[in-house]
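*Asks:* only geometry, no sequence info:
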C-alpha cells in the first residue's frame, strides 16, 4: 500500500502507437528504461525482490508507469518531449506516475516536481542534467572482475593465473578487481576467507604489473552469521518490533543492515576503507547500496 497521495500535474495528448515513457528506478538494482505505451514495465515478482530492487512500500497499479524522482515522455506526435523531476535532487524523492486514457497521458506526483521540455527524451535528459550541474562522465577504465567467471568461489591463485594471462595476451586491462569471495562473510570485510592469503600482497602483485587494484564490498549488508553480527548486534538496524531489520534475502540467507548512525558502525566502515586504500586498492565496487536507505 502506498501512503502518499498523488496530485495531478498535467494532461498530455499522445499517439498511443509511437509514444514512449522513460521510468527512472529507485536505486542501482532497480530497472530503468523506456517503454511503449502498450508494454508492461518490469515489476517485482515477489516480496523479496520488492525489497532488494524496488522502492520499499511502493505498489504501482496495473497499467500505470512510475518513475522515482524522474519520469519522461515522448508523446510520439511530434510535440516536445516532457520530463518531470524532483525540484531538489538532494532532497525528498517524489514518485511520478503516468497513465494513458483515451489518447491522453495523465501525469501525477506525490511531491514537488519541475517540468522540462526538449526535442527528444535524450535531449531533455541532457538539458535536465546540465541545469543541475551534473558533470560529464569521466572516461571509464577497462576492468577485469573476478565475479563473472568465479563468483564467490574465487581464490588468490585464480587472480594470479589471470594476471599472467593478461600479460601473455597483452590485454589492455586497467583495473583488476577482486569481487565477492575474498572476505569471510558479508560485514567481515577485513577477515579473509580461506581462499586468500593476503589482500595487501594481492594488491602489490596487481600493481607490479602496471594495473590498478580493485575490490568489492557491500558496505551496508551484514550476514547474520558474521563475526560482526555476533560481536556488535547493536550495530544492526532494528525493525519496529525490536528484531533485526532485513534487507531481503540473498546468498541463501536473510540479510541484516549496518546502522551507520551508530558511531561504532560508522568508525568501522571508515577503518575498512582506510585499510583497503592503504593496502593499495584504489578502485572500489560498492554494491547493494540500497540497504543504506532502508
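*Replies:* Yep, that arrived. Just so you know, these numbers come straight off a predicted model, no measurement behind them.

*Asks:* residue ranges with poor pLDDT in the stretch 1-150 of the chain?
*Replies:* Low-confidence segments of the stretch 1-150 of the chain (pLDDT under 70): 1-3.

*Asks:* What residues of stretch 182-196 count as buried?
*Replies:* Residues 182-189, 192-193, 196 are the ones in stretch 182-196 that count as buried (16 or more other CB atoms under 10 Å). Glycine gets a C-beta too; all of them are placed from N, C-alpha and C.

*Asks:* now for the lengthiest helix in the chain, which elements pack on it?
*Replies:* Counting residues, the longest helix found in the chain (DSSP state H) is helix 263-278. Contact here means 3 or more CB pairs under 8 Å, 6 or more residues apart in numbering; DSSP states H and E; on that basis helix 263-278 packs against strand 212-217.

*Asks:* what sits up against the next helix or strand after the strand it packs on?
*Replies:* Remark: after strand 212-217, the chain's next helix or strand is strand 221-222, criterion DSSP states H and E. Applying CB atoms under 8 Å, 6 or more residues apart in numbering, the external contacts of strand 221-222 come out as 186-187, 228-229, 235-236, 247, 255-258, 288, 291.

*Asks:* that older thread, same question for the longest helix of the chain, mean pLDDT?
*Replies:* The average pLDDT for helix 263-278 rounds to 98.

*Asks:* mind listing which of the contacts of strand 221-222 are in helices?
*Replies:* Taking DSSP H as the definition of helices, those contribute 228-229.

*Asks:* and which of the contacts of strand 221-222 is nearest to residue 62?
*Replies:* Nearest to residue 62, judged by CB to CB, of the contacts of strand 221-222 is residue 247 at 27.1 Å.

*Asks:* What does the spatially closest residue to residue 111 that is not a sequence neighbour show for phi and psi?
*Replies:* Closest residue to residue 111 apart from its sequence neighbours, by CB to CB, 6 or more residues apart in numbering: residue 94 at 3.0 Å. Main-chain dihedrals, residue 94, degrees, to the nearest 10: phi -80, psi 150.

*Asks:* Equivalent analysis for the one 5 residues further on, please.
*Replies:* Geometry field for residue 99 lists phi and psi as phi -130, psi 140, criterion degrees, to the nearest 10.

*Asks:* isn't it right up against residue 60?
*Replies:* No - in this structure, residue 99 is not within contact of residue 60 by CB atoms under 8 Å, at 10.3 Å.

*Asks:* so residue 251 makes contact with residue 223?
*Replies:* Yes - assessed by CB under 8 Å, residue 251 is found in contact with residue 223 at 7.3 Å.

*Asks:* Quick check: the gap between the residue nearest to residue 257 when sequence neighbours are not counted and residue 244.
*Replies:* Distance criterion CB to CB, 6+ apart; nearest residue to residue 257, sequence neighbours excluded, is residue 237 at 4.1 Å. Noted for residue 237: a distance of 7 Å to residue 244, by CB to CB, to the nearest Å.

*Asks:* Now do the shared contacts for these two.
*Replies:* Counting by CB under 8 Å, 6+ apart, the residues touching both residue 237 and residue 244 are 256-257.

*Asks:* Give me the more crowded residue out of those two.
*Replies:* Between residue 237 and residue 244, counting by other CB atoms under 10 Å, residue 237 is the more crowded of the two (21 against 18).

*Asks:* List the contacts of the more buried one.
*Replies:* Counting by CB under 8 Å, 6+ apart, residue 237 touches 244-245, 256-259, 294.

*Asks:* let's see 10 Å
*Replies:* Residues in contact with residue 237, defined by CB atoms under 10 Å, 6 or more residues apart in numbering, are 220, 222, 244-247, 256-262, 265, 291-292, 294.

*Asks:* do residue 183 as well
*Replies:* Per CB under 10 Å, 6+ apart, neighbours of residue 183: 152, 189-193, 196, 199, 215-218, 223, 226, 272.

*Asks:* Quick check: buried residues in stretch 32-39?
*Replies:* Across stretch 32-39, burial judged by 16+ other CB under 10 Å covers residue 37.

*Asks:* Now tell me what touches that stretch from outside.
*Replies:* Stretch 32-39 has contacts (CB under 10 Å, 6+ apart) with 14-26, 41-42, 63, 65, 67-68, 70, 72-74, 76, 98-100, 103, 105, 121-122.
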